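Peer 1: Give me a model of this one.
(2 chains)
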Amino acid sequence: DQQVKQNSPSLSVQEGRISILNCDYTNSMFDYFLWYKKYPAEGPTFLISISSIKDKNEDGRFTVFLNKSAKHLSLHIVPSQPGDSAVYFCAASYNFNKFYFGSGTKLNVKP
Amino acid sequence: DAGVIQSPRHEVTEMGQEVTLRCKPISGHDYLFWYRQTMMRGLELLIYFNNNVPIDDSGMPEDRFSAKMPNASFSTLKIQPSEPRDSAVYFCASKGRDTYGYTFGSGTRLTVV
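Peer 2: Take a look at the predicted model:
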């Protein structure tokens, strides 16, 4: 049973617009969340994180929002760029060591 | 630092053969993780080590899978015998004690025919 779910396998967005990637989790013990980006033939790379004591974390064009009551987090990319085209994974943990990953969302940013 | 190094990058083997995947973590990192990526299940944690000791192997699918970490700079994931359903990309990742995110290797794409 997957504890972290990304229900949209793919998303297509026009360059310059906002990309919103969603993630849901089931375990209320999770208190730390990460987003990773993955290009083809490469390993995932860390993008941005958020802890449960916050509801928003921003890093340049990337913002992660956390709604603990809904067990939902989202990643916003504004403005989207063609180089952002990749697979995005969300991950959650309750002990900072073992992270549970979602199945990924493939983002395509069209020029 | 060269990052997490995995070998081989690609492996094609016949069903029933033994397969060994290798990983060198980042120096100083004391956690090591093996993940498997498939289309259906995304990234699944197979096993992780802390200070070379296996901590959680609940994700190892079957007895055909085994993992070792004989020292702080080397780990192996072995599949014996391999089956076509083992075909996937296998990632190794490492983490320092005081860091939160993992650093992943580039992965090994395994194809069992």
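Peer 1: mind checking how far residue B:11 is from residue B:22?
Peer 2: Applying CB to CB, to the nearest Å, the value for residue B:11 to residue B:22 is 11 Å. From N, CA and C alone the C-beta is placed, and that goes for glycine too.
Peer 1: more neighbours, the two?
Peer 2: Using other CB atoms under 10 Å in any protein chain shown, the more surrounded residue of residue B:11 and residue B:22 is residue B:11, with 19 against 16.
Peer 1: Skipping adjacent residues, who's closest to that one in space?
Peer 2: In space, residue B:11 comes closest to residue B:110 once its chain neighbours are excluded; the distance is 5.0 Å by CB to CB, 6 or more residues apart in numbering or on different chains.
Peer 1: just residue A:110 next, same as before
Peer 2: Excluding the flanking residues, the one nearest residue A:110 by CB to CB, 6+ apart is residue A:14, at 5.5 Å.
Peer 1: same thing with residue B:81?
Peer 2: Distances taken as CB to CB, 6+ apart put residue B:16 closest to residue B:81, at 4.5 Å, once the chain neighbours are dropped.
Peer 1: Name the SS class of that neighbour, please.
Peer 2: coil (DSSP: H, G, I helix; E, B strand; the rest coil).
Peer 1: where along chain A do the helices fall?
Peer 2: Applying DSSP state H to chain A gives no helices.
Peer 1: Around chain A, pick out the residues from chain B.
Peer 2: Residues of chain B lying close to chain A (CB under 8 Å from any CB of the partner chain) are B:4, B:31, B:35, B:40-45, B:48, B:50, B:55-56, B:91, B:93, B:95, B:100-107.
Peer 1: Buried among those? Need that as a selection in PyMOL.
Peer 2: To isolate the buried ones among the residues of chain B next to chain A in PyMOL, judged by 16 or more other CB atoms under 10 Å in any protein chain shown, type:
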select buried, chain B and resi 4+31+35+42+43+44+45+48+91+93+95+101+102+103+104+105+106+107
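Peer 1: show me the contacts for the residue positioned nearest the centre of chain B.
Peer 2: The residue lying closest to the centre of chain B (CA atoms, centre = their mean) is residue B:34, at 3.3 Å. Each residue near residue B:34 by CB atoms under 8 Å, 6 or more residues apart in numbering or on different chains is listed here: B:23, B:45, B:46, B:47, B:48, B:67, B:75, B:77, B:90, B:91, B:92.
Peer 1: Show residues contacting the helix or strand hosting residue B:12.
Peer 2: Element membership for residue B:12 (DSSP states H and E) is strand B:10-13. Applying CB under 8 Å, 6+ apart, the set of residues contacting strand B:10-13 from outside is B:19, B:21, B:82, B:108, B:109, B:110, B:111, B:112, B:113.
Peer 1: Go through that strand and flag the buried ones.
Peer 2: Applying 16+ other CB under 10 Å to strand B:10-13 flags B:11, B:13 as buried.
Peer 1: Go through whatever helix or strand comes next after that strand and flag the buried ones.
Peer 2: As assigned by DSSP H and E, the chain's next helix or strand after strand B:10-13 is strand B:19-24. Buried residues in strand B:19-24, counting neighbours by 16+ other CB under 10 Å, are found at B:19, B:21, B:22, B:23, B:24.
Peer 1: Right, I'll call it a day here.
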